[in-house]
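In: sharing a model that was predicted from the sequence below.
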There are 2 protein chains.
Amino acid sequence: MDREKLIKDLTIETKTKIVLLVLDGLGGLPQEGKTPLEAAQTPHLDALAAQSVCGLTDPVFRGITPGSGPAHLALFGYEPTKYILGRGILEALGIGVEVSPNDLVARGNFATLKEGLIVDRRAGRIATEQNKQLCQLINHSLKKQKNITITLYPGREHRFVVKFSGHNLSDALSDADPQKEGKLPVLAKPLTTKAEPTANLVNSFVKEVTEILSHSQPANTILLRGFAKHPSLPTMEELYKLKPVAVAHYPMYKGLARLVGMDLAHPEEGIPDLLATVTQIFNDFNFFYVHVKKTDSYGEDGNYQAKKAVIEEVDAHLPQLLRLRPDVLVVTSDHSTPCLLKSHSWHPNPFLLHSATSQPDRVSSFSERECSQGYLGRFPAIYAMPLMLAHAGKLKKFGA
Amino acid sequence: MDREKLIKDLTIETKTKIVLLVLDGLGGLPQEGKTPLEAAQTPHLDALAAQSVCGLTDPVFRGITPGSGPAHLALFGYEPTKYILGRGILEALGIGVEVSPNDLVARGNFATLKEGLIVDRRAGRIATEQNKQLCQLINHSLKKQKNITITLYPGREHRFVVKFSGHNLSDALSDADPQKEGKLPVLAKPLTTKAEPTANLVNSFVKEVTEILSHSQPANTILLRGFAKHPSLPTMEELYKLKPVAVAHYPMYKGLARLVGMDLAHPEEGIPDLLATVTQIFNDFNFFYVHVKKTDSYGEDGNYQAKKAVIEEVDAHLPQLLRLRPDVLVVTSDHSTPCLLKSHSWHPNPFLLHSATSQPDRVSSFSERECSQGYLGRFPAIYAMPLMLAHAGKLKKFGA
């Protein structure tokens, strides 16, 4: 019997509540001896760690740097090497695009083409308003095709999602994106012979859009990446008998949450409102995935001080969550984003679990180094969910 | 090559001796800052821990609360999610019932039916002697059937085992037990269509027994649960070339031991005799599974002081085992049973391994918290067996 089936068989519905607070990209590397988490003043997290059971998690396995998709799937208890997600699907779901099983979606950028080269992959980060107008223009201008509908959905700044609705579409395509500036545009290449018609469709579409945009500046072409079809994942309700909700600001994470069947809350901008939203909806759900993005963003920017400041801001507002007295509170990250690397990394995540049945260990503050001494040891993130369920009294005994 | 086959291929027969001392349900949660194991005065275990390599084990994986079956299988090196055991089979083997591949067994309770409801699931815990008489009465009174023999075997108090011998019997049946008092009796339901004839057989049997017992008080009906057929497990001799023996008081653990091919010793009641039995038979075997039940029983009762006292009693008699100078001595538990929860739990087990080749770590006393700092780290209990075999010099090199 595999892990997923075992957990599914053992879960029971209860009223107990679980809060999973994810500080995206929290883990880091030391600069001048301390990681941002170690340097940050975090009295509430430290006090909580002292009363919690702690450890370190590996999102996939030691050495693997995960994207947001696999890292979150693991935290939600889904084997990230079994459920492979295209980034396009996450982006699409995140901005509320309905995706059905026959659809193919991709992430798009408006970009600048000059003398045959992609000179700006983000078209100077055009205003979101201009993005909307361009998507409208393209949606109206595209030639109608038999059995195929193509629609652009604007995102923020230069980003959009494109959806191809038709039959026999394949997502086995390479990106139509040179990834670097100063390069020639590249075609989407079929990765299987079955994907050839789809590659032709996509490449004709990019060509047509570039013609439509020939008088637009600086957004005069598009780049597409992350071709994906709708994956079929069991929902968290099916697997764990939970009523889950995501409290997140960013499309990617909302999309991921919808993929596993979570409802979406709609927090206003900023960390105080993010956490206040949990209070407002606390009676309506029993699993709360709360996502703080900026720890990751500043890690990606290499901005040590700003990352530290976000951690301190979360800490200052933590009492809002503590006052709710959730049966289980976990604070962790999906993956590490060291400022030194300015990117996601393979380093493990600090992990803290507080409940009435969490045996406190010797960890007295919340940091990567302290958590390495915790009672939970170092473990694959996929076990975070059975641990949360167990501590919430939602798992029956296995066998007699 | 899977773990089981690898170990099987690498084991060699040697005269070295392994003692596995299992304090059932040993792990716990702190009350007033200390777990029973931390609070207990255990000079011998502490001295042993200081010379041993320590760690924490998860019986199945983090978050899973195991029954005695899966927890022990893991300790014996059998994948507990591969070998699924019905409780009936363990109970049957434990009281010495011969079970052959065509047989179906179940655990039974004598119970009290009043005005159509099960008012006492244990029939007032009738005396074992009365139980024996009732089983005899039923065995004699049951109508003979073609191709089916049904036999009751008395256990302690209100418990018995029933064996159905016939052909094409299925164990895909739900319990014929409402699980709670004040409820209507329930029928065994077939979980597959193939199991329908067996369900009918079982339900007719319960009806017939209830008629036979119509003048008996308070035991006037029976409840059946844990329907199971004989699983086929490789023996410890086949897998590890060991000559194993179980030194245990309770039927469940004897049954489990027989399932993996162990011989049974017959200790008198009490911990001193349990340990003395190992000395008596020390020349006859090379693997000794020694099972102390009461740590679990008192955990289930929520009796902190009594659990602590049992641990101290085991510690006081430990020198008996130490004097034998086994090549490998492991002290651990199968699962945790915190007094706070009054039940098995998912918390990890303290684990101590002493041998000439065990590298001592910084652990200076035997407790959950201390073991979390041990050199073995936190690991799945299924690796206890390869560790014991290795330290006993019973595992060849893998590959050249």
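Out: Happy to help now that I have it. Given the structure is predicted, the values throughout are model-derived calculations rather than measurements.
In: so which residues on the stretch 251-400 of chain A come close to chain B?
Out: A:357, A:359-362, A:373-379, A:383, A:385-390, A:395-400 (C-beta under 8 Å from any C-beta of the partner chain). All C-beta spots, glycine's among them, are computed from the backbone N, C-alpha and C.
In: just the ones of the residues you listed in helices?
Out: Among these, DSSP state H puts A:Met385, A:Pro386, A:Leu387, A:Met388, A:Leu389, A:Ala390 in helices.
In: gap between the last one and A:Leu376?
Out: Just to be clear, that refers to A:Ala390. Distance of A:Ala390 to A:Leu376, given as C-beta to C-beta, to the nearest Å: 12 Å.
In: more neighbours: these two, which one.
Out: A direct count of neighbours by other C-beta atoms under 10 Å in any protein chain shown for A:Ala390 and A:Leu376 places A:Leu376 higher, at 27 against 24.
In: number of residues surrounding the nearest residue to A:Leu26 once chain neighbours are set aside?
Out: Nearest residue to A:Leu26, sequence neighbours excluded (C-beta to C-beta, 6 or more residues apart in numbering or on different chains): A:Ser333, at 3.4 Å. As a burial measure, A:Ser333 scores 30 neighbours (other C-beta under 10 Å).
In: ditto for A:Arg121
Out: Per other C-beta under 10 Å, the neighbour tally for A:Arg121 reads 17.
In: then A:Phe76?
Out: A count of neighbours around A:Phe76, defined by other C-beta under 10 Å, yields 27.
In: which strand residues bridge A:Phe23?
Out: Let me fix one detail, which is that residue A:23 is Leu and not Phe. A:Leu23 has these beta-bridge partners by DSSP bridges: A:Val292.
In: show me what contacts it?
Out: A:Val292, A:Thr295, A:Val310, A:Ile311, A:Val314, A:Val331, A:Thr332, A:Ser333 (C-beta atoms under 8 Å, 6 or more residues apart in numbering or on different chains).
In: A:Ala257 now?
Out: A:Ala257 touches A:Pro244, A:Val245, A:Ala246, A:Ala248, A:Leu264, A:Tyr289, counting by C-beta under 8 Å, 6+ apart.
In: do you know how far it is from A:Pro234?
Out: Counting by C-beta to C-beta - A:Ala257 and A:Pro234 are separated by 14 Å.
In: then A:Lys243?
Out: Distance from A:Lys243 to A:Pro234, by C-beta to C-beta: 15 Å.
In: neighbours of the residue lying closest to A:Ile148 once chain neighbours are set aside, just the number please.
Out: With C-beta to C-beta, 6+ apart as the criterion, A:Ile148 has its nearest non-adjacent residue at 4.2 Å, and that residue is A:Gly166. Using other C-beta under 10 Å, A:Gly166 has 17 neighbouring residues.
In: before we move on, what about A:Leu329?
Out: A:Leu329 - counted by other C-beta under 10 Å - has 25 other residues nearby.
In: look up how far B:Val19 lies from it.
Out: On the measure of C-beta to C-beta, A:Leu329 and B:Val19 end up 42 Å apart.
In: and A:Ile7, what helix or strand is that in?
Out: A:Ile7 belongs to helix A:3-10 when assigned by DSSP states H and E.
In: buried sites along that helix?
Out: Neighbour counts over helix A:3-10 (16 or more other C-beta atoms under 10 Å in any protein chain shown) mark A:Arg3, A:Leu6, A:Ile7, A:Lys8, A:Leu10 as buried.
In: could you do stretch A:248-267 as well?
Out: A:248-262, A:264-265, A:267.
In: report the beta-bridge partners for the residue nearest to A:Arg121 when sequence neighbours are not counted.
Out: Leaving out its chain neighbours, the residue that sits closest to A:Arg121 by C-beta to C-beta, 6+ apart is A:Ala111, at 5.2 Å. For A:Ala111, the beta-bridge partners are A:Thr221 (DSSP bridges).
In: with A:Ile18 instead?
Out: A:Phe287, A:Val328.
In: pLDDT wise, what is it at?
Out: Listed pLDDT for A:Ile18 reads 98.
In: surely it touches A:Leu353?
Out: No. Using C-beta atoms under 8 Å as the test, A:Ile18 is too far from A:Leu353 to be in contact (9.9 Å).
In: overlap in contacts of these two?
Out: A:Val328, A:Leu329, A:Val330, A:Met388.
In: ok, of those residues, which one's closest to A:Gly28?
Out: Distance to A:Gly28 across these (C-beta to C-beta) is lowest for A:Val330, with 19.1 Å.
In: residue in the stretch 1-150 of chain A with the shortest distance to chain B?
Out: Proximity of the stretch 1-150 of chain A to chain B (C-beta to the nearest C-beta) peaks at A:Met1, 4.8 Å away.
In: my read is that that residue contacts B:Tyr83, right?
Out: No. In this structure A:Met1 lies outside contact range of B:Tyr83 using C-beta under 8 Å: 10.3 Å.
In: which residues does the residue of the stretch 1-150 of chain A closest to chain B contact?
Out: A:Met1 touches A:Asp9, B:Thr81, B:Lys82, B:Ile84, counting by C-beta under 8 Å, 6+ apart.
In: can you give me the helices in chain A?
Out: According to DSSP H, the helices that chain A contains are A:3-10, A:36-39, A:43-50, A:68-75, A:87-94, A:128-141, A:196-212, A:236-240, A:251-259, A:271-280, A:294-301, A:304-322, A:368-371, A:384-391.
In: how about stretch A:273-286: buried residues?
Out: Applying a neighbour-count criterion of 16+ other C-beta under 10 Å, the buried positions in stretch A:273-286 are A:Leu274, A:Leu275, A:Ala276, A:Thr277, A:Val278, A:Phe282, A:Phe285, A:Asn286.
In: and the third one, how far from B:Val99?
Out: Looking back up the chat, that one is A:Ala276. With C-beta to C-beta as the criterion, A:Ala276 and B:Val99 are 61 Å apart.
In: for the residue in the stretch 151-300 of chain A positioned nearest to chain B, which non-adjacent residue is spatially closest?
Out: Residue nearest to chain B within the stretch 151-300 of chain A: A:Tyr240 (11.4 Å; C-beta to the nearest C-beta). Counting by C-beta to C-beta, 6+ apart, A:Thr11 is the residue found nearest to A:Tyr240 once chain neighbours are left out, at 4.9 Å.
In: quick one: residues contacting that neighbour.
Out: Contact analysis of A:Thr11 by C-beta under 8 Å, 6+ apart lists A:Leu239, A:Tyr240, A:Lys241, A:Leu389, A:Lys394, A:Leu395, A:Lys396.
In: now with 10 Å?
Out: Counting by C-beta atoms under 10 Å, 6 or more residues apart in numbering or on different chains, A:Thr11 touches A:Glu238, A:Leu239, A:Tyr240, A:Lys241, A:Leu242, A:Met385, A:Pro386, A:Leu389, A:Lys394, A:Leu395, A:Lys396.
In: list just the nearest of those to A:Asn139.
Out: Nearest to A:Asn139 out of the contacts of A:Thr11 is A:Glu238 (C-beta to C-beta; 35.6 Å).
In: what pLDDT does the closest one get?
Out: Taking A:Glu238 on its own, its pLDDT is 97.
In: run the chain-centre distance for the lowest-mean-pLDDT helix or strand in chain A.
Out: Of all helical and strand segments in chain A, the minimum by mean pLDDT, DSSP states H and E falls on helix A:87-94, at a mean of 82. The gap between where helix A:87-94 is centred and where its chain is centred comes out at 10 Å by C-alpha atoms, centre = their mean, to the nearest Å.
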